[in-house]
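>>> fold the following, please.
(chains A and B)
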There are 2 protein chains.
Amino acid sequence: MAQKTTPDSNRRSERSRRAIYEAALALVAEVGYPRTTIEGIASRAGVGKQTIYRWWSSKAEVLMEAFVDLGVQAAEAAGQGAAGQGGWAEADGIPDTGDLEADLKTVLRATVDELLDPRYDAAARALAAEGVANPTFGEEFVGLLLMPSLELYARRLRAAQDAGQVRAEIDPYIARDLFVSPLAQRWLQGTGPLDHAYADTLVEYALYGISPR
Amino acid sequence: MAQKTTPDSNRRSERSRRAIYEAALALVAEVGYPRTTIEGIASRAGVGKQTIYRWWSSKAEVLMEAFVDLGVQAAEAAGQGAAGQGGWAEADGIPDTGDLEADLKTVLRATVDELLDPRYDAAARALAAEGVANPTFGEEFVGLLLMPSLELYARRLRAAQDAGQVRAEIDPYIARDLFVSPLAQRWLQGTGPLDHAYADTLVEYALYGISPR
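Numbers count the residues shown, from 1 in each chain, chains lettered A, B, ... in the order given. As a prediction, this is how the structure comes out:
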């Protein structure tokens, strides 16, 4: 029987959807990706399994959308879309004030804040771990959640090339890795402290090199 | 009853030890770290559980030593200890020919080869995934298997500073991340192709920067 869509039922749907996202993120953080099930998410969200299958076809889909929604919520909380979304769910691009060094530092600092946010960390870590163990899953996860923001860094570097602030022969898809990958490795592998000073230093070294000028 | 140690029993021990390492690496690659057990390793290696407990106190210990042994084997196969050990089980340091760029490229190319070696990849991936999911385990894994070689990069950069090839104010523990972390992220998250050309380009960008000189 088809449900009649009214403003009230839309609000109810919206509430269920957020409850399902929250349940999915909490569950994957607690038991890991392999042991997270649609049944478990439904039970924790207080909805029937069929409610979930009406909107999504797999737990992976629920989780991907839950992460995108985390980004939307963070942007709403920040009252703006730009700098608050750092490395993962960037929607409005990287600022271009004409000062490449300052713009990269702004976005990388926001990325550090996001990586350290406990609401984000546990679930993202569980998904990232599954992606490392299982590259097929990782490709989907990385493709949906990470590659779009990596693309924005490359575009910002391309704009800097057009403005003469980055040498023309530099490949922006490799150059961005100099400052993005170190944040990722410190988050994934704990190889050192992850803070704003580290992000700033990476940008400076990447722009000006470490050899004498 | 204490076993009498003779040349023959030493050779037998050495064979058992290698069989146990191989069983542990194969098992963790197949079923992941959480489902790998001492019992499973013993059964696959064709030894009693007690044989394993005589030498090691946990599956983590067996696996750590198995990885160190993989490095020893690779060094033996290469007939030399230096460049063959790349990012993980470096024993003899990073070459210092006086040419920093060439030396870093040599070692990073070897690291790429090691990361792509299927004998290494599956088990290392299973352990790295466990380290991402469980930072306490990750700290041990990273501390034993990754930090020693990261230390060598910092030392090589320090020597280059002494030789005037790296600016004095550069922090070698951050600078090394510019070329090491991108390899790690491409291996862990599949964010792009991992090959010698990529390693070379990272070294060049890190040394000379991407902004106009």
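>>> tell me the pLDDT of A:Gly93.
Looking at A:Gly93, its pLDDT is 78.
>>> from B:Thr201, how far out is it?
Per Cβ to Cβ, to the nearest Å, A:Gly93 is found 25 Å from B:Thr201. In short, each C-beta sits where N, CA and C put it, glycine included.
>>> in chain A, which ranges drop under the pLDDT threshold?
A:1-7, A:78-92 (pLDDT under 70).
>>> now do the contacts for the closest residue to chain B within chain A.
The minimum distance from chain A to chain B, using Cβ to the nearest Cβ, falls at A:Gly209 (3.0 Å). Applying Cβ atoms under 8 Å, 6 or more residues apart in numbering or on different chains, one finds that A:Gly209 lies in contact with B:Tyr205, B:Ala206, B:Leu207, B:Tyr208, B:Gly209, B:Ile210, B:Arg213.
>>> dihedrals phi and psi, the nearest residue to it once chain neighbours are set aside?
Excluding the flanking residues, the one nearest A:Gly209 by Cβ to Cβ, 6 or more residues apart in numbering or on different chains is B:Gly209, at 3.0 Å. Per-residue torsions, B:Gly209: phi 80, psi 170 (degrees, to the nearest 10).
>>> quick one on the thing from earlier: for the contacts of A:Gly209, work out which two are farthest apart.
The widest separation within those, taken as Cβ to Cβ, falls between B:Ala206 and B:Arg213 and amounts to 14.0 Å.
>>> looking at these two, which is more packed in?
Applying other Cβ atoms under 10 Å in any protein chain shown to B:Ala206 and B:Arg213 shows that B:Ala206 carries more neighbours, namely 25 against 10.
>>> distance of that one relative to A:Gln185?
14 Å.
>>> count of neighbours near A:Tyr153?
22.
>>> packing partners of the longest helix seen in chain A?
Scanning chain A for the longest helix, with DSSP state H as the assignment, gives helix A:7-31. Contacts defined by 3 or more Cβ pairs under 8 Å, 6 or more residues apart in numbering or on different chains; DSSP states H and E place helix A:7-31 against helix A:38-45, helix A:49-55, helix A:59-78, helix A:118-133.
>>> now the angle from the helix or strand hosting A:Tyr198 to helix B:196-208?
Assigned by DSSP states H and E, A:Tyr198 belongs to helix A:196-208. Angle, helix A:196-208 to helix B:196-208, by axes from the mean of the first three to the mean of the last three Cα atoms, to 10 degrees: 100 degrees.
>>> what about the nearest residue to A:Asp96 once chain neighbours are set aside, which helix or strand?
In this structure, A:Asp96 finds its nearest non-sequential neighbour in A:Ala159, 5.8 Å apart by Cβ to Cβ, 6+ apart. Using DSSP H and E, A:Ala159 falls within helix A:147-162.
>>> would you indicate which residues of that helix are buried?
A:Met147, A:Ser149, A:Leu150, A:Leu152, A:Tyr153, A:Ala154, A:Arg156, A:Leu157, A:Ala159, A:Ala160, A:Gln161 (16 or more other Cβ atoms under 10 Å in any protein chain shown).
>>> with stretch A:93-101 instead?
Those would be A:Gly93, A:Ile94, A:Leu100, A:Glu101, for stretch A:93-101 by 16+ other Cβ under 10 Å.
>>> for stretch A:171-186, same thing?
The neighbour-count check on stretch A:171-186 (16+ other Cβ under 10 Å) flags A:172, A:174-186 as buried.
>>> tell me which two of those residues sit farthest apart.
So, those by Cβ to Cβ: farthest apart are A:Pro172 and A:Arg186, at 22.5 Å.
>>> the nearest residue in space to A:Ala122 that is not next to it in sequence: neighbour count?
Nearest residue to A:Ala122, sequence neighbours excluded (Cβ to Cβ, 6+ apart): A:Ala29, at 3.4 Å. Per other Cβ under 10 Å, the neighbour tally for A:Ala29 reads 20.
>>> again, but for the one 3 residues further on
Close neighbours of A:Gly32, defined as other Cβ under 10 Å, add up to 17.
>>> cool, and the one 5 residues further on?
Using other Cβ under 10 Å, A:Thr37 has 13 neighbouring residues.
>>> for it, what are its contacts?
Counting by Cβ under 8 Å, 6+ apart, A:Thr37 makes contact with A:Lys59.
>>> before we move on, back to that, from the contacts of A:Gly209, which is closest to B:Ser57?
Relative to B:Ser57, the closest of the contacts of A:Gly209 is B:Ala206; by Cβ to Cβ it sits at 40.9 Å.
>>> ok, and the nearest residue to the closest one once chain neighbours are set aside, which helix or strand is that part of?
Spatial nearest neighbour of B:Ala206, chain neighbours left out: B:Leu178 (3.9 Å); criterion: Cβ to Cβ, 6+ apart. In this structure, B:Leu178 sits in helix B:177-189 according to DSSP H and E.
>>> alright, that wraps it up for me.
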